[in-house]
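J.: need a structure here:
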Amino acid sequence: MLYTIDFMQILEGKKIYFSSDNHLGAPNQELSKPRELKFVKWLDEVKKDAAAIFLLGDLFDFWFEYKHVVPKGFVRVLGKLAEIKDSGIPIYFFVGNHDLWMDDYFEKELGIPVYHKPKEFTFNNKTFLIGHGDGLGPGDKGYKRMKKVFTNPFSKWLYRWLHPDVGMPLAQHLSVKNKLISGDDDAKFLGEENEWLAQYAKRKLETKHYDYFIFGHRHLPMHIKVGENSMYHNLGDWINFYTYGVFNGTTFELKEFKNKI
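T.: Numbers count the residues shown, from 1 in each chain. This next block holds a predicted model:
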């Protein structure tokens, strides 16, 4: 694991940015290209005053790392991430349910640490719990069982025996068609009391205080108060909403990136 900064005092004029659920490659490379170009423009914008950038999973609709092979495509976004990281801006990546088979490519090639579960950070004395959000909270038992199978080292070892020309299209098809495998729910607001990531946040607050819970996965931009001084924010997505999070050292807000291609 790369060295990471868990505590940060944000300099005046700097901000921390959060993004999730781009699903690049869905429904296919051609149709996702405009979203990739728009996301690259966003990265160009935020790098001007970014203290750090957090990518909260499902950047790709499917990702698998063979020993010597990674999925074809995404050159523009990977190149931009490399450029930003090389400039000295830290980037953090949390795997989602669509790119949960990410291994060490980002760490070795781009110098970007990769996390497979939520992690705590402190910025300007505000505590954050950050993650993708899949498999957390009550319910979704079918997906939770499937996730254990998919993340099992033996399962990954077996899958690597499939030739990439077979394994990649198969996984991409299942990623789109099989909701049990993908873990995606219909993007409908369930009400503050029924949103399961909000319930997860409330449960976490029983043992420790957090100022902010930042997650993706639900594809819906939302703010829910989960404690007297605690908020749960969902980042939305880059398919329908093009929303992202910003922490300026004092407050957190969601914004929409309206730049046109």
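J.: so what's residue 65 closest to, chain neighbours aside?
T.: Leaving aside its sequence neighbours, residue 65 sits nearest to residue 103 (CB to CB, 6 or more residues apart in numbering; 4.4 Å). C-beta coordinates here come from the backbone N, C-alpha and C atoms, glycine included.
J.: thinking that neighbour is in contact with residue 66, fair?
T.: No. Contact criterion CB atoms under 8 Å: residue 103 and residue 66 do not qualify, at 9.5 Å.
J.: Just the strands from the protein, written as ranges.
T.: Ranges of strands in the chain, per DSSP state E, are 7-8, 15-19, 50-55, 91-94, 114-115, 119-123, 126-130, 212-215, 221-227, 230-235, 243-247, 252-256.
J.: who touches both of residue 103 and residue 66?
T.: The contact sets of residue 103 and residue 66 do not overlap (CB atoms under 8 Å, 6 or more residues apart in numbering).
J.: With distance to residue 61 and mean pLDDT as new columns, can the strands of the chain be given to me in JSON lines?
T.: Output for the strands of the chain, formatted as JSON lines (distance: least, CB to CB, whole Å; pLDDT from 0 to 100):
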{"stretch": "strand 7-8", "distance to residue 61": "31", "mean pLDDT": "86"}
{"stretch": "strand 15-19", "distance to residue 61": "15", "mean pLDDT": "98"}
{"stretch": "strand 50-55", "distance to residue 61": "14", "mean pLDDT": "98"}
{"stretch": "strand 91-94", "distance to residue 61": "16", "mean pLDDT": "97"}
{"stretch": "strand 114-115", "distance to residue 61": "17", "mean pLDDT": "95"}
{"stretch": "strand 119-123", "distance to residue 61": "24", "mean pLDDT": "96"}
{"stretch": "strand 126-130", "distance to residue 61": "22", "mean pLDDT": "97"}
{"stretch": "strand 212-215", "distance to residue 61": "19", "mean pLDDT": "98"}
{"stretch": "strand 221-227", "distance to residue 61": "20", "mean pLDDT": "97"}
{"stretch": "strand 230-235", "distance to residue 61": "17", "mean pLDDT": "98"}
{"stretch": "strand 243-247", "distance to residue 61": "18", "mean pLDDT": "98"}
{"stretch": "strand 252-256", "distance to residue 61": "22", "mean pLDDT": "97"}
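J.: Which of those sits closest to residue 40?
T.: Nearest to residue 40, of all the strands of the chain, is strand 15-19, at 11.9 Å by CB to CB.
J.: okay, the angle between the closest one and strand 50-55?
T.: Relative orientation of strand 15-19 and strand 50-55, computed by axes from the mean of the first three to the mean of the last three CA atoms, to 10 degrees: 10 degrees.
J.: Quick check: can you name the pairing partners of strand 15-19 and their directions?
T.: Take DSSP bridges as the rule and strand 15-19 pairs in its sheet with strand 50-55 (parallel), strand 243-247 (antiparallel).
J.: For residue 67, see how far away the residue nearest to residue 65 is.
T.: Using CB to CB, to the nearest Å, we find residue 103 at a distance of 9 Å from residue 67.
J.: Could you do residue 35 as well?
T.: 29 Å.
J.: Looking at these two, which one has more neighbours?
T.: residue 35 (20 against 6; other CB atoms under 10 Å).
J.: got the contact list for the nearest residue to the more buried one once chain neighbours are set aside?
T.: Leaving out its chain neighbours, the residue that sits closest to residue 35 by CB to CB, 6+ apart is residue 238, at 5.7 Å. Residue 238 makes contact with 19, 21, 22, 23, 35, 38, 39, according to CB under 8 Å, 6+ apart.
J.: try it again with 6 Å
T.: Under the criterion of CB atoms under 6 Å, 6 or more residues apart in numbering, the neighbours of residue 238 are 22, 35, 39.
J.: can you give me the helices in the stretch 51-200 of the chain?
T.: 75-86, 105, 141-150, 153-159, 164-177, 179-182, 196-204 (DSSP state H, counting those that start in this stretch).
J.: what's the neighbour count on the closest residue to residue 111 other than its chain neighbours?
T.: Closest residue to residue 111 apart from its sequence neighbours, by CB to CB, 6+ apart: residue 85 at 5.2 Å. Neighbour count for residue 85, taken as other CB under 10 Å: 16.
J.: Alright, that wraps it up for me.
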